[in-house]
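*Asks:* Mind folding the following:
(one chain, ligands or ions: 2)
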Amino acid sequence: MTGSDRRPRIGVMGGTFDPIHHGHLVAASEVAQSLDLDEVVFVPTGQPSYKTVVTTAEHRYLMTVIATASNPRFTVSRVDIDRPKATFTIDTLRDIRRERPDADLFFITGADAIAQILSWKDVDELWELAHFVAVSRPGHVLSVTGLPEQDVSLLEVPALAISSTDCRSRVRRGFPVWYLVPDGVVQYISKHHLYRSVE
Ligand SMILES: Nc1ncnc2c1ncn2[C@@H]1O[C@H](COP(=O)(O)OP(=O)(O)OP(=O)(O)O)[C@@H](O)[C@H]1O
Ligand SMILES: O=C(O)c1ccc[n+]([C@@H]2O[C@H](COP(=O)([O-])O)[C@@H](O)[C@H]2O)c1
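*Replies:* Ligands and ions are numbered 1, 2, ... in the order given. Predicted coordinates:
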């Protein structure tokens, strides 16, 4: 196959991104490098069915745009936040596939998320839509026991013990989040007074 007839390889990184932090960005960057991806599409969730999210989708979307703006291979999709119902990955992948029928899709998840995947909606169909890449995450065991071997890969990424929960808690308690999230996201959080009150 020549370079020109190679199918585009697109990573899809779904997340609540409340807020997006350097753990997400390093994971996406490492998978892109390791799997020779042409693009990574970040997809902020709309309203997840499984947890309550207070921060509006528009704030989470804009923080994701700010955080990814400097990387020419990173883009952000509104498919989940514009869908007027609870977010499920099966819908995310169907929508991205409809937009990019020529591409091979790689869904990127952390060790905590992949551990739950057998409980996700329409899990048997998920494997037909994308290859899954599970990345390591401090505090979580990276295991794919019970998952279809040909559909899931494991990747060790630099360990960043950062979570959105901890970032929100730090802001609420008056601690800095500089260097945990991109500078523009620090400023966005401050400008819009996010995470000041108890969740
Ligand atoms: N530090 C990290 N290293 C590797 N993967 C991560 C890291 N933080 C999050 N991820 C992965 O990124 C995806 C989106 O995560 P999410 O937006 O829920 O962030 P989070 O930090 O886990 O948020 P919260 O603390 O609110 O649950 C998930 O697949 C998650 O496993
Ligand atoms: O489809 C599902 O049933 C499902 C259940 C839980 C999580 N997900 C997806 O997993 C990704 C990470 O979720 P979270 O809660 O860790 O931000 C995000 O894209 C979610 O939509 C998907």
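
*Asks:* quick one: contacts for D38?
*Replies:* Neighbour list for D38: P8, R9, I10, R73 [criterion: Cβ atoms under 8 Å, 6 or more residues apart in numbering]. (C-beta placed from N, C-alpha, C; glycine too.)

*Asks:* where's it relative to ligand 1, distance?
*Replies:* Using Cβ to the nearest ligand atom, to the nearest Å, D38 is found at 20 Å from ligand 1.

*Asks:* Report the closest residue of this structure relative to ligand 2.
*Replies:* G14 (2.1 Å; Cβ to the nearest ligand atom).

*Asks:* Name the residues of the helix-or-strand element of the chain with minimal mean pLDDT that are buried.
*Replies:* Every helix and strand in the chain was compared by mean pLDDT, DSSP states H and E; the lowest is helix 111-114, with a mean of 94. Neighbour counts over helix 111-114 (16 or more other Cβ atoms under 10 Å) mark A111, A113, I114 as buried.

*Asks:* Closest one to Q47 out of these, please.
*Replies:* Nearest to Q47 among the buried residues of helix 111-114: A113, at 17.2 Å, using Cβ to Cβ.

*Asks:* which residues does the closest one contact?
*Replies:* A134.

*Asks:* Quickly note the distance from it to V144.
*Replies:* Note on A113: its distance to V144, by Cβ to Cβ, to the nearest Å, is 12 Å.

*Asks:* Now do the shared contacts for those two.
*Replies:* Counting by Cβ under 8 Å, 6+ apart, the shared contacts of A113 and V144 are A134.

*Asks:* Just the helices from this structure, written as ranges.
*Replies:* Secondary structure of the chain (DSSP state H): helices at 22-34, 57-68, 89-99, 111-114, 123-129, 164-172, 183-191.

*Asks:* quick one, which of the ones you listed is nearest to G139?
*Replies:* helix 111-114 (8.1 Å).
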